[in-house]
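J.: sequence plus predicted model, see below.
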Amino acid sequence: MRSVLVARLDNDGDVLLAGPAVRAIAARDRVTLLVAPSGEQAARMLPGVRDVLTWPCPWTGFSPPAVDRRSVDTLIDALGLEHFGAGFVLTSYHQSPLPLALLLRLAGLKYLAASCEDYPGALLDLRHRPRPGHEVERNLDLVRAAGYELPAGDDGALRVRSVLPPPPRGYVVVHPGASVPARTASPGWFRALVTALARTGHRVLVTGSPAERELTSFVAGSNGIDHGGTTGYAELGALLDGADCVVVGNTGPAHLAAAVGTPVVSLFAPVVPADRWAPWRVPSILLGDQQAPCRDTRARECPIPGHPCLNSVAIEEAVIAVRKLLEEVT
């Protein structure tokens, strides 16, 4: 077995979507995963990963650090000591792999592969043009082009290493937050949903990060159970694992729910394409106007007053979606 570097320098949800491609490589070789700090939690839960390296990348994320030569030099030196046999740069369809490919060449990697539309010069040995499809398929397409296949019996679904034991079942998780505001509904919409779910007999847990405690407290109100800021990533995975269903926007916990096999009611704003980012291979129902004027804008803040693509979704429609998913899996 040789050592292979796989890089995915984005958030936890993006790292989870790289999981099937990582498993394909890990079936033959030892995988070290290079991630941004915002993707480290997911990276450490992916099956098939031998080591995790983190680096604050200055060209990805929503608040990237300034370019720092010492940081770049440290990365190059550290990777050079590892003697990797190959490197794969995984990116979203709208990103270029070439800045990192340059650094990996300087670190001594002799074989590099990436999906790339731009002319790579001497930076890539495999310049792959994937077929249109989901981001999971895009990653798998790349590693297949390099000769890696998922092992027999692996269906290509998202997975994480065993999370903590889940609580007893019998609850629905509502996750109102998102790193990109345009990709989730308003706090008022979620609060109304929690009230409606509670009135129909559901026990509702509201989850969020420590920075979202005010949001989760408001959304939970007197009808939900507020778990905002009380769970780390593994604990969130356990809560999602034990849930009957999850209601969430297009954000990392939607993919974590898919990775533990929990059905998802996906509030999906069309600022990015659903066929590339919807919950992968898990029972799900997509809500939201996919033809709204914000379609394909990649906007972080909704450009349409009132955020109608999600806020206009009827609360009753979401309650019905929860019921349908519960009926489907029971």
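T.: It's in. Numbering: from 1, shown residues only.
J.: name all residues that make contact with residue 248.
T.: Applying Cβ atoms under 8 Å, 6 or more residues apart in numbering to residue 248 gives the contacts 173-175, 184, 254, 257, 264-267. In short, each C-beta sits where N, CA and C put it, glycine included.
J.: so which of those residues comes closest to residue 305?
T.: Ranked by distance to residue 305 (Cβ to Cβ), the contacts of residue 248 are led by residue 184 at 16.9 Å.
J.: quick one: pLDDT of that closest one?
T.: Looking at residue 184, its pLDDT is 97.
J.: related to what we said a few turns ago, make CSV out of the contacts of residue 248 and add secondary structure.
T.: Listed next are the contacts of residue 248 as CSV, based on DSSP: H, G, I helix; E, B strand; the rest coil:
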residue, secondary structure
173, strand
174, strand
175, strand
184, coil
254, helix
257, helix
264, strand
265, strand
266, strand
267, strand
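J.: out of those, who's nearest residue 193?
T.: residue 174 (6.4 Å).
J.: that closest one touches residue 249, doesn't it?
T.: No - Residue 174 is beyond contact range of residue 249, at 10.6 Å (criterion: Cβ atoms under 8 Å).
J.: looking at the two, which one has more neighbours?
T.: Using other Cβ atoms under 10 Å, the more surrounded residue of residue 174 and residue 249 is residue 174, with 28 against 24.
J.: so what's that one up against?
T.: 190, 193-194, 197, 204-207, 219, 224, 246-248.
J.: and stretch 249-258, C-alpha only, in PDB?
T.: Presented in PDB, the C-alpha positions along stretch 249-258 are these (Å, rounded to 0.1, in the frame of the first residue of the first chain):
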ATOM      1  CA  GLY A 249     -31.700  23.800   5.200                       C
ATOM      2  CA  ASN A 250     -28.900  23.100   2.800                       C
ATOM      3  CA  THR A 251     -26.100  22.900   5.300                       C
ATOM      4  CA  GLY A 252     -23.700  20.500   6.800                       C
ATOM      5  CA  PRO A 253     -26.000  18.700   9.300                       C
ATOM      6  CA  ALA A 254     -28.200  17.700   6.300                       C
ATOM      7  CA  HIS A 255     -25.300  15.700   5.000                       C
ATOM      8  CA  LEU A 256     -24.400  14.400   8.500                       C
ATOM      9  CA  ALA A 257     -28.000  13.200   8.800                       C
ATOM     10  CA  ALA A 258     -27.600  11.400   5.500                       C
END
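J.: tell me the buried residues in it?
T.: For stretch 249-258, the neighbour count (16 or more other Cβ atoms under 10 Å) marks 249-258 as buried.
J.: one more: stretch 71-78?
T.: 72, 75-76.
J.: out of the contacts of residue 248, which comes closest to residue 298?
T.: Nearest to residue 298 out of those is residue 184 (Cβ to Cβ; 15.2 Å).
J.: excluding its backbone neighbours, what's nearest the closest one?
T.: Leaving out its chain neighbours, the residue that sits closest to residue 184 by Cβ to Cβ, 6 or more residues apart in numbering is residue 249, at 2.9 Å.
J.: give me the phi and psi for that neighbour.
T.: phi -80, psi -170 (degrees, to the nearest 10).
J.: who are the contact partners of it?
T.: Per Cβ under 8 Å, 6+ apart, neighbours of residue 249: 175-178, 183-185, 266-269, 310.
J.: most neighbours, which of those residues?
T.: Most surrounded of these: other Cβ under 10 Å gives residue 175, at 33 neighbours.
J.: for that one, which non-adjacent residue is closest in space?
T.: residue 248 (4.2 Å).
J.: let's verify that neighbour: helix, strand, or coil?
T.: strand.
J.: thinking again about what came up before, if the residue nearest to residue 184 is in a bridge, with which residues?
T.: Beta-bridge pairing for residue 249 (DSSP bridges): residue 267.
J.: which parts of stretch 230-245 are buried?
T.: In stretch 230-245, counting by 16+ other Cβ under 10 Å, buried: 231, 233, 236-245.
J.: who's in contact with it?
T.: 12, 41-42, 45, 160, 163-173, 205, 207, 227, 246, 253, 256-257, 259-265, 322, 325-326, 329.
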